[in-house]
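# Here is my input; please provide its structure:
(one chain, ligands or ions: 1)
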Amino acid sequence: MSEHNTVLQELGLNVELHDEVLKYVDRTFQQTVGAQQGRPEGISYFDHVLHESHGGRVAELVKQKKNGKKTVGTFCIYVPEELAMAANTVPVALCGGTQFSVPHAEKMFPRDICPLIKSTLGLAFSKTCPYGPLKSMAVGETTCDAKKKTWEILAGKVNFHVMELPQKKDPLDVELWRNAVREFQTKLEGLSGTRVDSAGLGEAIRVMNNKRRALQKLADLREASPPPVSGLDALVVMQAALSDEPVRFTAALNRLNAELVQRREDGFSPVANGAKRVMIAGCPSVMGNWKVHSLVEQSGAVIVHDESCTGSRYFEHLIDETATDLAGQVNAVADRYMKINCACFTPNKERIDSVVQKVKEYNVQGVVQYVLQTCHGYNIEAMRIEAALKAANVPSLKIVTDYSEEDAGQLRTRIEAFVEQLGGSAS
Ligand code: BJ8
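Residues are numbered from 1 along each chain as shown. Okay, here's the model as predicted:
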């Protein structure tokens, strides 16, 4: 048995099944991301991060755990990573993006819940997620109904904390959320035995803001026509952002960005001149899920922006760094996260406006609204987004799908027809 599989076995994983998951994910990766031409050299780091998310990264966290550092598992980008870091813990996203694990969840949970939740649960139930046994605490949030009700089941089985996220953004809601963030801080301090102080939180804020700046720079580079990088590769970077160590990640992304600047100066792009510029809006596409991005780009379009939690919702809005006392810093953290526009908010005018704004900013010719099956928030909100886009003369297409390949042929036909009818070539 390899050294790594020994580590997995020590974590209590089903090593044989885990090998099958990796082969499945690798095959999906090769058929989508790996099949592209003209990828930048710097992307290899991010491929490696995805590849090692169940390998080297796990070994790294096991080592840290042995030295007393706790890992905190998260399922949503509302959970403030800065606080976890300042409390001397490591935040790691636990969301699953592979169809492989879905049937394992369906044995125990209802079939008609979203694939992201089923994939995540299936990895845990089949003992193929190394982060499950590694984590010292999991953190849920009151976002969609499916998640909220799932946390109730999981809370009885593992150390679980639920952050209460309000559903509106009025002053009382902001106060409620600030309290939830303070409560999270206390919970983390109890877990790690480390008090969050102003210096530590200030440093964590700087680290995460630098990461956001680098991701924003990548987003800016995609404004070019044609962009120096494909949307699929930008997605790979985003997926890596959710699991990698942030300082190392930012350094690698700054190197990739420098390469892309050079490509732009040299007039080199992997994308054909005149490729239709498409934006993805809606649900996240976490590691293992490259389906819709791949279909869109195989149809001859290029994705120039992602309005999702594996896109701009993760990195837009910096945390205000001017507060110097701990209470002010914690409020600044809370207020930045409250600006995220998930469809679980109502009435959510901010999200509708921001989608229209991004269309202009990134010179988008058409929007693909990406909805994971049974995600009612994004599915119903798609009606208002479509109306706002129509008023702005921007065509849109709503796709409701899961992680399986069964509908790929039908989706391909719909996406090709959509891309075909998009207006003249981008300027
Ligand atoms: S901030 S999008 S990461 S909740 S897709 S589980 S909403 S039924 S992933 Fe999400 Fe946070 Fe919102 Fe982003 Fe529910 Fe929808 Fe499934 Fe979702």
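# The ligand contacts on the stretch 251-400 of the chain?
By the rule CB under 6 Å from any ligand atom, the part of the stretch 251-400 of the chain lying against the ligand is Cys283, Pro284, Cys309, Ile340, Cys342, Cys344, Leu372, Cys375, Gly377, Tyr378. Every C-beta, even on glycine, is put in place using the N, C-alpha and C of the backbone.
# Is the fifth one in contact with Thr142, as I believe?
No. When contacts are counted by CB atoms under 8 Å, Cys342 is not listed as touching Thr142 (11.2 Å).
# List the residues that are in contact with both of these two.
Here Cys342 and Thr142 share no contacting residue, scored by CB atoms under 8 Å, 6 or more residues apart in numbering.
# which one of these two has more residues nearby?
Cys342 (23 against 18; other CB atoms under 10 Å).
# How much space separates the residue nearest to the more buried one when sequence neighbours are not counted from Pro228?
For Cys342, ignoring the flanking residues on the chain, the nearest one in space by CB to CB, 6 or more residues apart in numbering is Thr143 at 6.1 Å. Applying CB to CB, to the nearest Å, the value for Thr143 to Pro228 is 34 Å.
# got it, and Phe46?
Counting by CB to CB, the gap from Phe46 to Pro228 is 15 Å.
# and what of Cys342?
Taking CB to CB, one finds Cys342 at 30 Å from Pro228.
# now do Lys148
Distance from Lys148 to Pro228, by CB to CB: 41 Å.
# buried set for the lengthiest helix in the chain?
Secondary structure assigned by DSSP state H gives helix 198-221 as the longest helix of the chain. Buried positions in helix 198-221, judged by neighbour count with 16 or more other CB atoms under 10 Å: 198, 200-202, 204-205, 207-212, 214-215, 217-219, 221.
# and what of stretch 340-358?
For stretch 340-358, by 16+ other CB under 10 Å, it's 340-345, 348, 351-352, 354-356, 358.
# do stretch 274-281 as well
Ala275, Lys276, Arg277, Val278, Met279, Ile280, Ala281.
# need the residues you listed in JSON lines with pLDDT and secondary structure, can you?
Converted to JSON lines, the buried residues of stretch 274-281 look like this (pLDDT from 0 to 100; DSSP: H, G, I helix; E, B strand; the rest coil):
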{"residue": "Ala275", "pLDDT": "97", "secondary structure": "coil"}
{"residue": "Lys276", "pLDDT": "98", "secondary structure": "coil"}
{"residue": "Arg277", "pLDDT": "98", "secondary structure": "strand"}
{"residue": "Val278", "pLDDT": "98", "secondary structure": "strand"}
{"residue": "Met279", "pLDDT": "98", "secondary structure": "strand"}
{"residue": "Ile280", "pLDDT": "98", "secondary structure": "strand"}
{"residue": "Ala281", "pLDDT": "98", "secondary structure": "strand"}
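# where along the stretch 301-427 of the chain do the helices fall?
Using DSSP state H, counting those that start in this stretch, the helices of the stretch 301-427 of the chain run over residues 312-315, 326-338, 349-361, 376-391, 408-420.
# Now those helices in TSV, please, with extra columns for distance to Ala86 and mean pLDDT.
Listed next are the helices of the stretch 301-427 of the chain as TSV, based on distance: least, CB to CB, whole Å; pLDDT from 0 to 100:
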stretch	distance to Ala86	mean pLDDT
helix 312-315	19	98
helix 326-338	9	98
helix 349-361	28	98
helix 376-391	31	98
helix 408-420	43	98
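# re earlier: which single one of the buried residues of stretch 340-358 is nearest to the ligand?
Distances from the ligand to the buried residues of stretch 340-358, taken as CB to the nearest ligand atom, are shortest for Cys342 (3.3 Å).
# list the contacts for the closest one?
Tyr78, Thr143, Cys309, Arg313, Arg351, Gly377.
# Show me the shaky parts of the chain.
Along the chain, the parts satisfying pLDDT under 70 run over 1, 424-427.
# Which parts of it are strands?
Along the chain, the segments classed as strands by DSSP state E run 70-74, 89-93, 137-141, 160-163, 277-282, 302-307, 366-372, 396-401.
# Looking at the ones you listed, which is nearest to Cys129?
Nearest to Cys129 among the strands of the chain is strand 70-74; the distance by CB to CB comes to 9.2 Å.
# Residues contacting that closest one, please?
61, 64-65, 81, 84, 88-94, 131-132, 134-139, 188, 191-192.
# Any idea how far stretch 243-255 is from the middle of the chain?
15 Å (CA atoms, centre = their mean, to the nearest Å).
# which parts of it are buried?
Ser243, Asp244, Pro246, Phe249, Thr250, Ala252, Leu253, Asn254.
# which of these lies closest to the ligand?
Ser243 (14.4 Å).
# Send over the longest helix of the chain as PDB, restricted to the C-alpha atoms.
Output of helix 198-221 as PDB, limited to C-alpha atoms (Å, rounded to 0.1, in the frame of the first residue of the first chain):
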ATOM      1  CA  SER A 198      -6.500  42.300  16.500                       C
ATOM      2  CA  ALA A 199      -3.100  41.500  15.100                       C
ATOM      3  CA  GLY A 200      -4.000  38.000  14.100                       C
ATOM      4  CA  LEU A 201      -7.300  39.000  12.500                       C
ATOM      5  CA  GLY A 202      -5.700  41.900  10.800                       C
ATOM      6  CA  GLU A 203      -3.100  39.600   9.200                       C
ATOM      7  CA  ALA A 204      -5.800  37.100   8.200                       C
ATOM      8  CA  ILE A 205      -7.800  39.900   6.600                       C
ATOM      9  CA  ARG A 206      -4.700  41.000   4.600                       C
ATOM     10  CA  VAL A 207      -4.000  37.500   3.400                       C
ATOM     11  CA  MET A 208      -7.600  37.000   2.200                       C
ATOM     12  CA  ASN A 209      -7.900  40.500   0.700                       C
ATOM     13  CA  ASN A 210      -4.700  39.800  -1.300                       C
ATOM     14  CA  LYS A 211      -6.200  36.500  -2.500                       C
ATOM     15  CA  ARG A 212      -9.400  38.400  -3.500                       C
ATOM     16  CA  ARG A 213      -7.200  41.000  -5.400                       C
ATOM     17  CA  ALA A 214      -5.500  38.300  -7.300                       C
ATOM     18  CA  LEU A 215      -8.800  36.700  -8.300                       C
ATOM     19  CA  GLN A 216     -10.200  40.100  -9.300                       C
ATOM     20  CA  LYS A 217      -7.100  40.600 -11.500                       C
ATOM     21  CA  LEU A 218      -7.900  37.300 -13.200                       C
ATOM     22  CA  ALA A 219     -11.500  38.400 -13.700                       C
ATOM     23  CA  ASP A 220     -10.200  41.700 -15.200                       C
ATOM     24  CA  LEU A 221      -7.900  39.900 -17.600                       C
END
